[in-house]
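1. Starting from these lines, generate the structure:
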Amino acid sequence: MEILVRDFVKENTDKLDAAGISDASVDIWLLLEYFTDIKKSEYFANQNMQIGKVHAKQVEEAVKKRINHIPLQQIIGQTQFMGLTFKVNENVLIPRFDTEILVDEVVKYVGDDFFKVLDMCTGSGCIAITISYMCDNLAVTASDISKDALDVAKENNTLNQTDVTFVESDLFEKIEGKFDVIVSNPPYIRTKDIESLDEEVKMHDPHLALDGGESGLDFYQTIITQAKDYLNENGMIFFEIGFDQAEEVSNILKENGYKNIVVKKDLAMNDRVIYAKKG
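-> Modelled structure (predicted):
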């Protein structure tokens, strides 16, 4: 038995709306396109389009997960980041648009010159892999304390045909050599603030990738302090930061002798990226 797409979309959009899922209609169409290849543009050209029972069941199962606030990206197992496809699961933070600003700043800095780059707290590998993909002549290393996260990152490295080297390391513990650029989107949420995050984030993103300690600054303090021993002369350090952390992270950089500190805003005009040169 086949079902009219318009009836199916309305019924399942209503279910998501009732569960408090924002952008419910957007999610339904993304699930339809992923599981059935039915495109919204094709539907508007033929509003008598039907969906088969098998495909309908697949989408309905996905809707049940979405009602439980499992992120859409985890349901379909992938997401887009700067035009590339990345596999994601419960072991990695889902790449966010804000992080594209961080990658863009690094890419503008390195260009096509030869640089050694270290991406610390790599998670899905989206930062390291995208930088490697977009720039020639780089030697990119990515590290994370989580083996499970690194397994995902390695899959993404293969998927995007890049040549990133991965190291399982608690920050600099197993890092060897020196780098021209160190980049990181570290955990920066204050421990007490995690419970106030959206349910999708606090229930389904790994807390290891969120918890920045009591002040939210633990990782910045450690990375900035130790990075001096791993940066070449005039090496650069780049971070994603929380919207209210620019002043505090700037002070940590200054205290450790970094210079030429720059803060960049995101599209919402919140402070989002900070970078500086080794003093």
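
2. For the most centrally placed residue in the chain, identify the helix or strand it belongs to.
-> Against the mean C-alpha coordinate of the chain, by C-alpha atoms, centre = their mean, the closest residue is Pro95 at 1.8 Å. Under the criterion of DSSP states H and E, Pro95 resides outside all helices and strands.

3. do Asp98 as well
-> Element membership of Asp98 [criterion: DSSP H and E] is helix 97-110.

4. Next secondary structure element downstream of that helix?
-> strand 115-120.

5. From Ile129, how far off is the residue nearest to the centre of the chain?
-> 10 Å (C-beta to C-beta, to the nearest Å). Glycine gets a C-beta too; all of them are placed from N, C-alpha and C.

6. repeat for Asp180
-> Applying C-beta to C-beta, the value for Asp180 to Ile129 is 18 Å.

7. Please say which of the two ends up with more neighbours.
-> Ile129 (29 against 21; other C-beta atoms under 10 Å).

8. which residues touch that one?
-> By C-beta atoms under 8 Å, 6 or more residues apart in numbering, the contact set of Ile129 is 84, 86, 142, 153, 156-157, 160, 162, 164.

9. give me that answer again for 6 Å
-> Residues near Ile129 by C-beta atoms under 6 Å, 6 or more residues apart in numbering: 156-157, 160, 162, 164.

10. that older thread, isn't the residue nearest to the centre of the chain up against Gly125?
-> No. When contacts are counted by C-beta atoms under 6 Å, Pro95 is not listed as touching Gly125 (9.4 Å).

11. Could you tell me which residues make contact with Gly242?
-> Tyr188.

12. ok so, going back, what helices or strands is the helix holding Asp98 leaning on?
-> helix 126-134, strand 231-240, strand 271-277 (3 or more C-beta pairs under 6 Å, 6 or more residues apart in numbering; DSSP states H and E).

13. Please tell me how far it is from the chain's geometric centre.
-> 12 Å (C-alpha atoms, centre = their mean, to the nearest Å).

14. what comes into contact with it?
-> 82, 127, 130-131, 134-135, 183, 185, 238, 240, 266, 272-273.
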